[in-house]
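1. With the sequence up front, the predicted model follows.
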Amino acid sequence: MAADTTILIVEDEPAIVELVSFTLRAAGWNTFAVNNTAEAWEFIQRRTPQLILLDWMLPDQSGLRLLSRIRSDRQFNEIPVIMLTAKSMEEDKIAGLDHGADDYITKPFSPRELTARMKALLRRKSPEHAQTALTVGSVVLDPVSCTVKINDQKVDIGHAEYKLLKFFMAHPERVFSRSQLLDKVWGDHVVIEERTVDVHVLRLRKVLKSAESLIKTVRSVGYMLSEK
């Protein structure tokens with residue numbers, strides 16, 4: 001859901017920040033802006049964004065330096081990053097992509113093109129933010145209507161259990177620790193204890209009834225969703 005998506009804009013030109021912020025808010029995203037790499041790094045550690053729009057030329061150091069730092073940090077290295085830049089030279093684009101940028105957009109750009117590129121990147125990088133229905137076994141989750149059906153029967157599900165199920169269904173057959181689930185599902189800015197994850201998993205299994213066996217406990221590691 002777009003409302004769950006946090007976008008960080010790292011840009012020091014006020015006119016561009018204003019245009020991009022307006023465009024992204026209109027698309028339903030939570031938008032935050034900082035104007036240098038130091039503030040950006042501070043923000044990322046406090047609240048992990050789903051996507052970063054990163055300017056190449058910043059007052060304290062280049063956007064590429066921040067990008068390298070993000071990519072070399074195990075906690076943040078999978079955050080999608082789009083470079084915003086006035087540089088249109090082929091070698092500059094290659095340098096950006098070599099440093100780990102996922103995409104590249106040259107100023108001046110069309111706001112419509114920017115949002116289209118961002119949506120495509122979020123779909124590719126974060127399946128839990130896609131708007132298409134997710135199906136595993138007899139369970140179907142529709143992100144547009146925020147509903148869950150089991151064997152074509154709609155089930156009542158709480159908000160926390162819905163978010164957890166959506167994340168599991170978007171990443172089947174992958175084991176996640178409790179701390180990873182806290183970070184990915186609730187965000188690391190939310191104060192929840194790890195054992196609370198166990199409570200939500202228990203509630204989710206009750207909601208799933210006949211399909212509860214999809215949620216597997218992996219001893220001393222965490223949980224996963226699997227049909228096997």
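-> Cool, got the structure.
2. Low-confidence ranges, the chain, go.
-> 1-4, 88-89, 126-131, 187-192 (pLDDT under 70).
3. Tell me which stretches of it form strands.
-> 6-10, 30-34, 51-55, 81-85, 103-106, 134-136, 139-142, 147-150, 153-155, 176-177, 215-218, 222-225 (DSSP state E).
4. Am I right that Ser179 is in contact with Arg195?
-> No: applying CB atoms under 8 Å, one finds Ser179 not in contact with Arg195, separated by 11.5 Å. Just so you know, the C-beta spots here come from the backbone N, C-alpha and C atoms, and that holds for glycine as well.
5. Looking at those two, which has the bigger crowd around it?
-> Ser179 (12 against 8; other CB atoms under 10 Å).
6. Name all residues that make contact with that one.
-> Glu194 (CB atoms under 8 Å, 6 or more residues apart in numbering).
7. measure it to Trp186 for me?
-> Plainly put, Ser179 is 11 Å away from Trp186 if you go by CB to CB, to the nearest Å.
8. now Leu8
-> Taking CB to CB, one finds Leu8 at 18 Å from Trp186.
9. Which residue of the two possesses the greater neighbour count?
-> Using other CB under 10 Å, the more surrounded residue of Leu8 and Trp186 is Leu8, with 24 against 18.
10. what's near enough to touch the nearest residue to Ser177 once chain neighbours are set aside?
-> Setting aside the residues directly before and after it, Ser177 is nearest to Gly222 in space (CB to CB, 6 or more residues apart in numbering), at 4.1 Å. Listed by CB under 8 Å, 6+ apart, the contact set of Gly222 reads Val175, Phe176, Ser177, Arg178, Gln180, Leu181.
11. domain parsing for the protein?
-> As recorded under automatic domain parsing, the domains making up the chain are 2-129, 134-225.
12. can you list the strands of the chain in CSV and add distance to Arg65?
-> Below are these laid out as CSV (distance: least, CB to CB, whole Å):
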stretch, distance to Arg65
strand 6-10, 11
strand 30-34, 15
strand 51-55, 10
strand 81-85, 13
strand 103-106, 17
strand 134-136, 37
strand 139-142, 40
strand 147-150, 44
strand 153-155, 48
strand 176-177, 30
strand 215-218, 38
strand 222-225, 34
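13. So which of these is the most surrounded?
-> strand 51-55 (a mean of 25; mean count of other CB atoms under 10 Å).
14. which residue packs closest to Asn36, ignoring adjacent ones?
-> Closest to Asn36 by CB to CB, 6+ apart is Asp60, at 4.4 Å.
15. residues near that neighbour, how many?
-> With other CB under 10 Å as criterion, Asp60 counts 13.
16. ok, it touching Ala40?
-> No: contact criterion CB under 8 Å: Asp60 and Ala40 do not qualify, at 9.7 Å.
17. Noted, bye for now.
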